[in-house]
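Peer 1: the amino acid sequence is not available; the structure is as follows:
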């Protein structure tokens, strides 16, 4: 039954849909080919949520929405659609009403907070020479450099956009905590996971880029969610 469900993947800040490459491959190996990865503009939570809703509405049947990092805020805002059967959070923000990723970050600053730098156009970057140690310290130097060079910077104002209608209060959820995360403090992840009372939480000894460093475990969690609906 789960293989008749479409899995829609939503990336976070500083990345694009291609950050899901290894997870997509793992899901395909397990027989899950109904997978789509949204490319959100990272211009505002409203824009990113609307782009995600459009992708979800195009799918036939049930959808499992999966969000990494800031993508968790996106699926939280966009997830209350009739065909969304569940939400999976991968080292992700899961804000409540009136909360923003930026506000949650301030509650427990992550180790790499000082490595973020806005440019003169209002976009927020991870310093190129600090990307490996900040975002993906458990990947190879080559993989990290590619992620650094191809990083997709968000408009800095997006960090302060508040969630208005958290879908996790209505939909079944799953959560993956990265215990070595330097971009979203692990304590914040644990707190957000606990309050949503997910069907399952797993903790990986992973960086923020757990979707790239632990794709098999991430794919297995997504598969469990898809099979359950």
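Peer 2: Received the coordinates, thanks. For clarity, every value in this text was computed on a predicted model and none was experimentally measured.
Peer 1: what score does the spatially most central residue of the chain have for pLDDT?
Peer 2: For the chain, residue 68 is the residue whose C-alpha lies nearest the centre (CA atoms, centre = their mean; 1.1 Å). For residue 68, the model assigns a pLDDT of 98.
Peer 1: low-confidence regions, the chain specifically.
Peer 2: Residue ranges of the chain with pLDDT under 70: 1-2.
Peer 1: my guess is the residue nearest to the centre of the chain meets residue 11, correct?
Peer 2: Yes. Counting by CB atoms under 8 Å, residue 68 touches residue 11, with 5.9 Å between them. C-beta here means a position set from N, CA and C on the backbone, and glycine is covered the same way.
Peer 1: just to revisit the earlier point, which one is the residue nearest to the centre of the chain nearest to, not counting chain neighbours?
Peer 2: Nearest in space to residue 68, with sequence neighbours left out and distances taken as CB to CB, 6 or more residues apart in numbering, is residue 90 at 4.3 Å.
Peer 1: check residue 103 too.
Peer 2: residue 160 is the one closest to residue 103 (CB to CB, 6+ apart), at 7.3 Å.
Peer 1: most remote residue from the chain's center?
Peer 2: residue 120 (26.6 Å).
Peer 1: re earlier: contact partners for the residue nearest to residue 103?
Peer 2: Taking CB atoms under 8 Å, 6 or more residues apart in numbering, we find residue 160 in contact with 100, 102, 103.
Peer 1: residue 197 too?
Peer 2: Counting by CB under 8 Å, 6+ apart, residue 197 has contacts residue 173.
Peer 1: swap in 10 Å and give it another go.
Peer 2: 168, 169, 172, 173, 175 (CB atoms under 10 Å, 6 or more residues apart in numbering).
Peer 1: among those residues, name the buried ones.
Peer 2: 168, 172, 173, 175 (16 or more other CB atoms under 10 Å).
Peer 1: and the nearest residue to the second one once chain neighbours are set aside, backbone torsions?
Peer 2: Distances taken as CB to CB, 6+ apart put residue 86 closest to residue 172, at 4.5 Å, once the chain neighbours are dropped. Geometry field for residue 86 lists phi and psi as phi -180, psi 160, criterion degrees, to the nearest 10.
Peer 1: am I right that residue 86 is in contact with residue 6?
Peer 2: No. The pair residue 86 / residue 6 is not scored as a contact, 11.7 Å apart, by CB atoms under 10 Å.
Peer 1: all strands for the chain, in order.
Peer 2: 6-10, 35-38, 63-68, 84-90, 116-118, 124-126, 173-178, 200-204 (DSSP state E).
Peer 1: residue 183 versus the residue nearest to residue 187 when sequence neighbours are not counted, what's the distance?
Peer 2: The shortest distance from residue 187 to any non-neighbouring residue, by CB to CB, 6+ apart, is to residue 108 (4.9 Å). As defined by CB to CB, to the nearest Å, residue 108 lies at a distance of 12 Å from residue 183.
Peer 1: which one of the two has more residues nearby?
Peer 2: residue 183 (25 against 15; other CB atoms under 10 Å).
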